[in-house]
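Undergrad: only geometry, no sequence info:
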């Protein structure tokens, strides 16, 4: 098995060619894919739909500006025509929208890497200035009241994914990321 540092470097190095996999809601025979069960959802779907196959990889689910992005282990479906679809919903019912980096290799290696090293990996930012501007916009959005009220805890879209954090914790993370991205180099 490849070592984790080389594996993570390979995933991070291929982020520029990552693709956004469209979410497709499926519910055959009353079954619905479950949140946070992407590997099991895909396995069940391909067993019921011959010719499709599981594609394992890593999806960007959070951006921390110049500190980088977090990628989470994820599985999607390759259809008969070669297109990819994501059948796993997220907590708030919205489709997952992060860029997906396909695992290169067999399923066993993918699951060994996940089991040995965890469900997430961190890659450095590809464009710290753009990420800092995006984070500043999120900070401004956190300060804006919604329907005349402020929320102590809310689901905040970060880049193409979602992170569920208390607003104060999120503000600290975003403030630090914005300030470190703006420091003169």
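TA: Perfect, thanks for sending it. What you see is a predicted model; the values in this text were computed from it and never measured.
Undergrad: from now on I want contacts and neighbour counts done on CA atoms only, so please keep to that.
TA: Noted.
Undergrad: low-confidence regions, this protein specifically.
TA: Scanning the chain for pLDDT under 70 picks out 1, 65-66, 93-97, 130-185.
Undergrad: could you verify my assumption that residue 88 touches residue 41?
TA: Yes - contact criterion C-alpha atoms under 8 Å: residue 88 and residue 41 qualify, at 6.8 Å.
Undergrad: what is in contact with the two at once?
TA: Residues touching both residue 88 and residue 41 by C-alpha atoms under 8 Å, 6 or more residues apart in numbering: 33-34.
Undergrad: for residue 54, see how far away residue 39 is.
TA: Using C-alpha to C-alpha, to the nearest Å, residue 39 is found at 8 Å from residue 54.
Undergrad: which residues are in contact with both of the two?
TA: 75-76.
Undergrad: quick one, domains of this structure?
TA: Following automatic domain parsing, one finds the domains of the chain at 4-123, 128-182.
Undergrad: would you map the strands across this structure?
TA: For the chain, applying DSSP state E gives strands covering 19-20, 53-63, 69-78, 84-85, 99-102, 120-123, 153-158, 161-166.
Undergrad: I'd like those strands as CSV, with distance to residue 112 and mean neighbour count appended.
TA: As requested, the strands of the chain are arranged in CSV below (distance: least, C-alpha to C-alpha, whole Å; neighbours: other C-alpha atoms under 10 Å):
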stretch, distance to residue 112, mean neighbour count
strand 19-20, 24, 16
strand 53-63, 12, 23
strand 69-78, 12, 23
strand 84-85, 23, 20
strand 99-102, 16, 23
strand 120-123, 13, 18
strand 153-158, 28, 15
strand 161-166, 25, 16
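Undergrad: of all those strands, which one is nearest residue 26?
TA: strand 84-85 (10.4 Å; C-alpha to C-alpha).
Undergrad: and the contacts of that closest one?
TA: Residues from elsewhere that reach strand 84-85 (C-alpha under 8 Å, 6+ apart): 21-24, 76-79.
Undergrad: wait, residue 60 touches residue 71, no?
TA: Yes - assessed by C-alpha under 8 Å, residue 60 is found in contact with residue 71 at 4.3 Å.
Undergrad: just the buried residues of stretch 38-45, please?
TA: 38-39, 41-43, 45 (16 or more other C-alpha atoms under 10 Å).
Undergrad: repeat that for stretch 25-39.
TA: 33, 38-39.
Undergrad: contacting residues for residue 74?
TA: Residue 74 neighbours (C-alpha under 8 Å, 6+ apart): 38-39, 56-59.
Undergrad: now those residues as JSON lines including distance to residue 67?
TA: Formatted as JSON lines, the contacts of residue 74 follow (distance: C-alpha to C-alpha, whole Å):
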{"residue": "38", "distance to residue 67": "27"}
{"residue": "39", "distance to residue 67": "28"}
{"residue": "56", "distance to residue 67": "25"}
{"residue": "57", "distance to residue 67": "22"}
{"residue": "58", "distance to residue 67": "18"}
{"residue": "59", "distance to residue 67": "17"}
